[in-house]
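In: sequence unknown, structure follows:
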Ligand code: ZN
Ligand code: MN
């Protein structure tokens, strides 16, 4: 039997996090407004009003395009995409068609072995969102226009993805990039990032592109993965049964976890595209382009690679530490403030600080435990002023109080008891008070050393230097 591979392309819509909508002054994000609580004559298409392009939309989209290595077009145009639907009050969507803001470019997916897999982008264009239709149980429908005019970037990848997992990875990396650049909140549950998948299959080794189906309404990365897997399975069975694949549009039903046939797909000719007469061309001159490009930060993948080369981190660490811009900035600032082994900083970040960030659901730049304070705690341990358990508890104490580690060590008397005389005196008392255990130890049960050291640690309320405690105990018990 032939074996098949999947050919997947993704069409993503990204909601830009500008203050206002793309063609009017309504707020772009109406997540907290009631239905139709954030609309105006422009975004609801009342007669006699004209759209005005929001400059920030172009700037954020151009920054994203540049980050994906796309070629920014010096002139691009808006077009009307005509179709009838109740949540589209104008009867057309203002979009870009044959002259988009940017063309080409792509996204590199790290594959974990210092290699990347390139996913190409056909084009990147600007458009407005449509409203939302709410289907009610009694069969009636409600229309909410809040989302009309929300600024979107649409990107279409080439048919370059080969599995549901790769498609999921693409979305994960895209979400990371959007947040990194600060151009979108990229919260899939809130519809800031939406993906439709085009799926077809072919025999392994073939280069043909067979008839594809389109999966819509996927609103999480997990759902995308499951929906694509389900569709690959369905197509494979059909082909094995000798049936032809029909170019269906399929809707993902989140509740039942199944794909439903929605409608036969429109062709582009059905949309009767033509130039938007109410808007000027978007002219991105050299000065404006230069200004936008100058704000392009170091990108996640470049930072990941630099973390492995500059700091000698394993790729695993570097990938996690570069997952968010604030976290990677925090790491670098901590290394700088600490001045010691970067891997030691990485370990503390990945084990303890990340857990704290998850628990507080905040980002690294919001912590009271600043990078300087983390470095202070590491130094206090390195100089044996405090032991490791105290170091761990200090993380929490600094985060809760916002006080410096040094101040807390001072005020709570957390410094290690490394005064040999004091430790020895306590150790002698423990030996004198426990003759039975001493006898067992000297009789050969040497594992009891752990118990003795534990007693001494308890006496010092955990503040003894564990190495000194161990050494002193051993000396006394050998006598
Ligand atoms: Zn409006
Ligand atoms: Mn679109």
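Out: Yep, that arrived. Because the structure is predicted, anything quoted here is derived from the model rather than measured. Numbers count the residues shown, from 1 in each chain. Ligands and ions are numbered 1, 2, ... in the order given.
In: In which helix or strand does residue 330 reside?
Out: Using DSSP states H and E, residue 330 falls within helix 325-338.
In: packing partners for that helix?
Out: Contacts defined by 3 or more Cβ pairs under 8 Å, 6 or more residues apart in numbering; DSSP states H and E place helix 325-338 against helix 300-311, helix 315-321, helix 342-348, helix 371-382. (Glycine included, C-beta is placed from N, CA and C.)
In: can you put these in JSON lines and add mean pLDDT?
Out: Output for those, formatted as JSON lines (pLDDT from 0 to 100):
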{"stretch": "helix 300-311", "mean pLDDT": "96"}
{"stretch": "helix 315-321", "mean pLDDT": "95"}
{"stretch": "helix 342-348", "mean pLDDT": "98"}
{"stretch": "helix 371-382", "mean pLDDT": "96"}
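In: which one of those lies closest to ligand 1?
Out: Closest to ligand 1 of these is helix 300-311 (Cβ to the ion; 34.0 Å).
In: Give me the contact list for the closest one.
Out: Helix 300-311 has contacts (Cβ atoms under 8 Å, 6 or more residues apart in numbering) with 108, 110, 114, 116, 173, 176-177, 180, 298, 313-315, 317-319, 321-323, 325, 328, 331, 335, 342-343, 346.
In: buried ones in it?
Out: Neighbour-count burial for helix 300-311, counted by 16 or more other Cβ atoms under 10 Å, picks out 300-301, 303-308, 311.
In: helix, strand or coil for the spatially most central residue of the chain?
Out: Centroid-nearest residue in the chain, with Cα atoms, centre = their mean: residue 176, separated by 3.9 Å. Assigned by DSSP: H, G, I helix; E, B strand; the rest coil, the conformation of residue 176 is helix.
In: same deal with residue 156?
Out: Criterion first, three-state DSSP; result for residue 156: strand.
In: Can you name the residues that contact whatever residue of the stretch 201-350 of the chain ends up closest to ligand 1?
Out: The stretch 201-350 of the chain approaches ligand 1 most closely through residue 278 (14.6 Å), counting by Cβ to the ion. Listed by Cβ under 8 Å, 6+ apart, the contact set of residue 278 reads 50-51.
In: mind checking the SS state of it?
Out: Classified using three-state DSSP, residue 278 is coil.
In: and it, backbone torsions?
Out: Per-residue torsions, residue 278: phi -90, psi 0 (degrees, to the nearest 10).
In: for the record, mean pLDDT for the longest helix anywhere in the chain?
Out: Across the chain, the helix with the greatest residue count (assigned by DSSP state H) is helix 221-240. Throughout helix 221-240, pLDDT has a mean value of 95.
In: Check what contacts that helix and list those residues.
Out: With Cβ under 8 Å, 6+ apart, helix 221-240 has contacts from 1, 4, 6, 8, 164-165, 167-168, 171-172, 188, 195, 197, 199-201, 213, 215, 218, 244-245, 250, 252, 254, 257-259.
In: Quick check: the residue of the stretch 351-479 of the chain nearest ligand 1.
Out: Proximity of the stretch 351-479 of the chain to ligand 1 (Cβ to the ion) peaks at residue 363, 31.0 Å away.
In: Name the nearest residue to that residue, ignoring sequence neighbours.
Out: The shortest distance from residue 363 to any non-neighbouring residue, by Cβ to Cβ, 6 or more residues apart in numbering, is to residue 326 (4.4 Å).
In: phi, psi of residue 80?
Out: With angles defined as degrees, to the nearest 10, residue 80 sits at phi -100, psi 130.
In: are any of the contacts of helix 300-311 buried, and which?
Out: Buried members of the contacts of helix 300-311, scored by 16+ other Cβ under 10 Å, are 108, 110, 173, 176-177, 180, 313, 317-319, 321-323, 325, 328, 331, 335, 342, 346.
In: tell me which residues of the least confident helix or strand in the chain by mean pLDDT are tucked away?
Out: Lowest by mean pLDDT, DSSP states H and E among the helices and strands of the chain is strand 258-264, with a mean of 82. Residues residue 259 are the ones in strand 258-264 that count as buried (16+ other Cβ under 10 Å).
In: Can you check the distance spanned by stretch 317-329, start to finish?
Out: Criterion Cα to Cα, to the nearest Å; first-to-last residue distance in stretch 317-329 is 14 Å.
In: Kindly report the same for stretch 121-137.
Out: Taking Cα to Cα, stretch 121-137 runs 40 Å from one end to the other.
In: from now on call the first residue 320
Out: From this message on, residue numbering opens at 320, which makes the last subject stretch 440-456.
In: how much space between the closest residue to ligand 1 within the stretch 370-519 of the chain and residue 673?
Out: Nearest to ligand 1 in the stretch 370-519 of the chain, going by Cβ to the ion, is residue 468, at a distance of 5.3 Å. As judged by Cβ to Cβ, to the nearest Å, residue 468 and residue 673 stand 39 Å apart.
In: So between those two, which is more surrounded?
Out: The neighbour comparison of residue 468 against residue 673 (other Cβ atoms under 10 Å) goes to residue 468, with 30 against 16.
In: In ChimeraX, select just the buried ones from the contacts of helix 540-559.
Out: Applying 16+ other Cβ under 10 Å to the contacts of helix 540-559, the buried members can be selected in ChimeraX as follows:
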select :323,325,327,483,486,487,490,507,514,516,518,519,520,532,534,537,564,569,571,578
